[in-house]
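*Asks:* please work out how this folds:
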Amino acid sequence: MNYIEQTCKSVERRDGCEPEFIQAVKEVLDSIRPVMERNKHYVEANILDRIVEPERVFMFRVPWQDDNGKIYVNRGFRVQFNSAIGPYKGGLRFHPSVNLGIIKFLGFEQIFKNALTTLAMGGAKGGADFDPKGKSDNEVMRFCQSFMTELQRHIGADTDVPAGDIGVGAREIGFMYGQYRRLRNEVTGVLTGKGLGWGGSLVRTQATGYGLTYIVEEMLRDAGSSIEGQTVVMSGSGNVAIYAVEKVHQLGGKVVTMSDSNGWIHDPDGIKLDLIKDIKETRRSRIKEYASEVKGAAYTEAGGDTVWTVPCDIAMPNATQNELNGDDARILIKNGVKAVGEGANMPSTPEAVQIFQNAKILFAPAKAANAGGVATSGLEMSQNSMRTRWSFEETDTKLRAIMQGIYKQCKQSAEEYGCSGNLIAGANIAGFIKVADAMVAQGLV
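*Replies:* Model (predicted):
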């Protein structure tokens with residue numbers, strides 16, 4: 001049994017109840033086989049056993065009170081995975097599905113995603129099994145304040161800088177930042193995704209969706225094509241999906257589907273983004289309302305056909321992990337898909353990924369395609385440190401350059417290690433080498 005197999009077996013033995021984490025580890029380690037063969041000093045330093053084990057894990061209770069005075073208790077998490085190249089950086093997710101395995105998988109992915117941005121950020125992730133949907137603003141505020149009362153002990157502008165994720169938007173970031181400032185008596189860039197009037201960065205709201213679209217455009221351009229004139233099928237209707245739609249439309253493409261946990265919509269004339277923003281960001285309602293307000297749009301309840309049954313040129317899974325499976329991949333290929341860009345974290349199952357690769361479909365993996373959000377969070381951190389703010393155009397230009405640089409890193413690393421065209425391997429290799437080199441240079445830590 002070689003070093004990679006030994007490490008995978010060790011992870012399975014120690015973390016057998018965390019399938020998403022095991023999946024993420026296996027995907028990375030399988031990609032870096034040629035790196036380990038060529039760089040024996042990584043084996044001598046036992047880098048793999050070290051990189052799959054978080055530096056710190058915090059799990060804590062979060063008691064809060066609803067508007068009727070009833071007390072609830074949720075579970076909070078923060079996994080500080082790797083700080084070899086900079087302070088921990090990664091979002092907070094509030095969703096009933098959150099557990100330690102989910103947070104570890106996300107934190108592990110974040111290590112390599114952050115490394116690809118070329119900014120000085122380590123990998124972390126956190127959250128709670130709290131569902132903000134259906135809660136009043138005051139209930140969400142009380143939960144966020146209780147959550148931050150514990151989390152504030154473990155974070156700081158030069159230690160760990162959380163951001164938002166699923167279920168954590170501007171409202172939640174505001175409540176948590178206010179509680180941090182109140183408890184610590186300091187005004188620092190400890191959270192990103194802040195409001196523009198109190199330390200936030202322009203483009204941060206749009207960043208993940210824009211970044212996804214920029215890297216897909218770069219991938220298509222390298223293949224002699226572009227987004228212009230293409231039909232795009234997209235899942236999700238949160239922050240990533242909304243701003244991916246916006247940028248696709250700006251670049252001349254047409255998005256025809258979006259979804260939420262209850263179902264999905266198909267508008268063959270193209271999604272009306274202003275209405276989606278009103279439904280999701282103002283009303284905080286379900287996407288089915290779109291179909292009742294737009295002539296020609298159809299709504300399908302979850303549990304039947306999926307968005308991936310709609311013919312398209314480009315597919316963008318932007319909802320959650322493992323949402324696009326092997327059957328979905330086969331249908332997309334049969335219907336003529338040319339490119340896939342992963343806006344969510346690990347949204348395609350291993351089987352789906354293999355099917356896309358076998359069919360030579362252009363594929364931008366999440367570590368690369370999803371990195372726009374954390375890249376702009378890094379830019380927000382820089383602006384906070386300098387007590388300044390860049391213009392929308394300047395920040396957007398920096399974001400686009402970062403995403404183009406990520407694509408080039410992935411492509412070049414894949415070519416260097418004998419897997420030309422495989423951006424999944426290229427992303428894993430480029431991110432791994434940067435972090436592994438830093439770990440070796442810093443000794444046994």
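
*Asks:* and the gap between the residue lying closest to Lys277 once chain neighbours are set aside and Val294?
*Replies:* In this structure, Lys277 finds its nearest non-sequential neighbour in Ile242, 6.3 Å apart by Cβ to Cβ, 6 or more residues apart in numbering. C-beta coordinates here come from the backbone N, C-alpha and C atoms, glycine included. Counting by Cβ to Cβ, to the nearest Å, the gap from Ile242 to Val294 is 16 Å.

*Asks:* between the two, which one's more packed in?
*Replies:* The neighbour comparison of Ile242 against Val294 (other Cβ atoms under 10 Å) goes to Ile242, with 23 against 16.

*Asks:* mind listing what's buried in the longest helix along the chain?
*Replies:* When every helix of the chain is counted residue by residue (DSSP state H), the longest turns out to be helix 392-416. Buried residues in helix 392-416, counted by 16 or more other Cβ atoms under 10 Å: 395-396, 398-400, 402-403, 406-407, 409-411, 413-414, 416.

*Asks:* what's across from Arg56 in the sheet?
*Replies:* Under DSSP bridges, the beta-bridge partners of Arg56 are Gln80.

*Asks:* just give me the neighbour total for it.
*Replies:* The number of residues packed near Arg56 is 13, by other Cβ under 10 Å.

*Asks:* quick one, what contacts it?
*Replies:* Neighbouring residues of Arg56 by Cβ atoms under 8 Å, 6 or more residues apart in numbering: Val79, Gln80, His154.

*Asks:* how does this protein divide into domains?
*Replies:* Following automatic domain parsing, one finds the domains of the chain at 52-190, 207-364.

*Asks:* from the chain's centroid, how far away is the longest one?
*Replies:* The gap between where domain 207-364 is centred and where its chain is centred comes out at 15 Å by Cα atoms, centre = their mean, to the nearest Å.

*Asks:* quick one, strands of this protein?
*Replies:* Using DSSP state E, the strands assigned to the chain run over residues 56-65, 71-82, 88-94, 122-128, 160-164, 231-234, 254-255, 257-260, 263-266, 298-301, 314-316, 339-341, 362-364.

*Asks:* which parts of the first one are buried?
*Replies:* Looking back up the chat, that one is strand 56-65. Buried residues in strand 56-65, counted by 16+ other Cβ under 10 Å: Phe58, Phe60, Val62, Trp64.

*Asks:* what's the angle from it to strand 71-82?
*Replies:* Relative orientation of strand 56-65 versus strand 71-82 (axes from the mean of the first three to the mean of the last three Cα atoms, to 10 degrees): 160 degrees.

*Asks:* how far away from the center of its chain is strand 56-65?
*Replies:* Distance, stretch centre to chain centre, for strand 56-65: 22 Å (Cα atoms, centre = their mean).

*Asks:* try the longest one
*Replies:* If you compare the mean C-alpha spot of strand 71-82 with that of the full chain, they lie 18 Å apart, counting by Cα atoms, centre = their mean.

*Asks:* so what secondary structure elements neighbour that strand?
*Replies:* strand 56-65, strand 88-94, helix 100-116, strand 122-128, helix 137-151, strand 160-164 (3 or more Cβ pairs under 8 Å, 6 or more residues apart in numbering; DSSP states H and E).

*Asks:* among those, which is nearest Pro350?
*Replies:* helix 100-116 (13.3 Å; Cβ to Cβ).

*Asks:* so how far is that closest one from its chain's centroid?
*Replies:* The chain centroid and the centroid of helix 100-116 are separated by 9 Å under Cα atoms, centre = their mean.

*Asks:* what residues sit buried inside that helix?
*Replies:* 100-116.

*Asks:* same check on stretch 428-436?
*Replies:* With burial defined by 16+ other Cβ under 10 Å, the residues of stretch 428-436 counted as buried are Asn428, Ile429, Ala430, Gly431, Phe432, Ile433, Lys434, Val435, Ala436.

*Asks:* same question, stretch 224-236
*Replies:* For stretch 224-236, by 16+ other Cβ under 10 Å, it's Ser225, Ile227, Gln230, Thr231, Val232, Val233, Met234, Ser235, Gly236.

*Asks:* quick check: the nearest residue to Leu196 once chain neighbours are set aside vs Arg389, distance?
*Replies:* Here the nearest residue to Leu196 in space, its sequence neighbours aside, is Leu202; by Cβ to Cβ, 6+ apart that works out to 6.8 Å. Distance, Leu202 to Arg389, using Cβ to Cβ: 7 Å.

*Asks:* so between those two, which is more surrounded?
*Replies:* Counted by other Cβ under 10 Å, Leu202 and Arg389 do not tie: Leu202 has more neighbours, with 20 against 16.

*Asks:* check the gap between that one and Ser391 for me.
*Replies:* To Ser391, Leu202 is 7 Å away according to Cβ to Cβ.

*Asks:* what do the two both touch?
*Replies:* Common neighbours of Leu202 and Ser391, using Cβ under 8 Å, 6+ apart, do not exist here.

*Asks:* who are the neighbours in contact with the residue nearest to Val310 when sequence neighbours are not counted?
*Replies:* Distance criterion Cβ to Cβ, 6+ apart; nearest residue to Val310, sequence neighbours excluded, is Val233 at 5.0 Å. Val233 sits next to Val255, Val256, Thr257, Val307, Trp308, Val310, Cys312, Ile314, Ala315, Met316, Leu332 when contact means Cβ under 8 Å, 6+ apart.

*Asks:* pLDDT value on Met1, please?
*Replies:* As summarised for this prediction, Met1 has a pLDDT of 65.

*Asks:* make that Glu394, sorry
*Replies:* Looking at Glu394, its pLDDT is 97.

*Asks:* which residues in the stretch 301-445 of the chain form helices?
*Replies:* In the stretch 301-445 of the chain, the helices defined using DSSP state H, counting those that start in this stretch lie at 326-334, 350-358, 366-369, 372-386, 392-416, 423-441.
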